[in-house]
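> Could you work out the structure for the sequence below:
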Amino acid sequence: MFYKDERLALFIDGSNLYAAAKALGFDIDYKLLRSEFMRRGKLLRAFYYTALLENDEYSPIRPLVDWLNYNGFTMVTKPAKEYTDSQGRRKVKGNMDIELAVHAMELAPHVDHIVIFSGDGDFRPLIESLQRQGVRVSVVSTIRSQPPMIADELRRQADNFIELDELRDVIGRPAREPRIEREEISVEAK
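Coordinates of the predicted model:
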C-alpha cells in the first residue's frame, strides 16, 4: 500500500534484482521503474548498488551504471574482489549489503516509506530497525521462481511484499524483435 503524499526512497540491490528478473524471464526498464514509484509517492531518492570489476576493459554493466547515473539514480559502486576458490575456479565477490543498510539508516528520518529491491534475508534486521523508527518498508522480489528469490523471514518482516512478476507489465522492457540472420535476408533477396 502506497500513499500519494508519502516520501519514498528506493534501495536497489542491483545483482539481486537482476537475478530475480532473469529467473522470471524479463529485463527491467529502469526509466519505467523510476516513473512507477514517482507515481506511487514523492520519490526522494533511488539508490542502485553494484560492484564493478575494475580490471576488465569492458564491463557489461558499465553502460547501465552510466545511464542510471544520468537518469535520476544515485549510484553506489565499489570494486569487486576477484579470487580463486579451493577448486581453482575464478570467483568474484562484491557484496553491497553494508552500504545499502547504512544509507537506509541515514535516510530513515527523512522518509515515510522505503522500498528495498532484494530478497536477501540479511536485510531482515535492517527492516526491523527501520520499522522501529516509524518507516514503512516494502520489499520487491519473487516467490514465483524456482527456487524463490526471497528469504521467507524477509517477506514476513516487511510491511508489504511486492511480487516482481506482478510488476512485469509496468517495469518490464518490451521484448525485442528477433534479429534476422544475414542468410535469411540473402535467401529472400534472390
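
> Counting neighbours, what do you get for the nearest residue to Lys31 once chain neighbours are set aside?
Spatially, and ignoring its direct neighbours in sequence, Lys31 is nearest to Asn71 (6.4 Å; CB to CB, 6 or more residues apart in numbering). The C-beta positions use only the backbone N, C-alpha and C, and glycine is treated the same way. As a burial measure, Asn71 scores 11 neighbours (other CB atoms under 10 Å).

> biggest strand in the protein, by residue count?
In the chain, taking DSSP state E as the definition, the longest strand is strand 42-52.

> Which neighbouring elements make contact with that one?
Counting contacts by 3 or more CB pairs under 8 Å, 6 or more residues apart in numbering; DSSP states H and E, strand 42-52 is packed against strand 7-13, helix 14-24, helix 30-40, helix 62-70, strand 74-79, helix 97-107.

> which phi and psi does Cys41 have?
For residue 41 the amino acid is Gly, not Cys. With angles defined as degrees, to the nearest 10, Gly41 sits at phi -170, psi -170.

> Report the contact partners of the nearest residue to it once chain neighbours are set aside.
Distances taken as CB to CB, 6+ apart place Leu8 nearest to Gly41, at 4.1 Å, with adjacent residues excluded. By CB atoms under 8 Å, 6 or more residues apart in numbering, the contact list for Leu8 reads Phe2, Phe37, Arg40, Gly41, Lys42, Leu43, Leu44, Val111, Asp112, His113, Ile114, Val115.

> Filter these down to the buried ones and express that as a PyMOL selection.
This is how PyMOL selects the buried members of the contacts of Leu8, with burial counted by 16 or more other CB atoms under 10 Å:
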select buried, resi 2+37+40+41+42+43+111+112+113+114+115
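
> any low-confidence regions in this protein?
Where the chain drops to pLDDT under 70, the residues are 55-58, 175-190.

> hmm, back to that, ok now the longest strand of the chain, how far from the chain's centre?
Mean-position distance between strand 42-52 and its chain equals 9 Å (CA atoms, centre = their mean, to the nearest Å).

> Go ahead and name everything in contact with that strand.
Outside strand 42-52, the residues that touch it by CB under 8 Å, 6+ apart are 4-15, 30, 34, 37, 59, 61-62, 65, 68, 72-80, 92-96, 99-100, 103, 107, 110-111.
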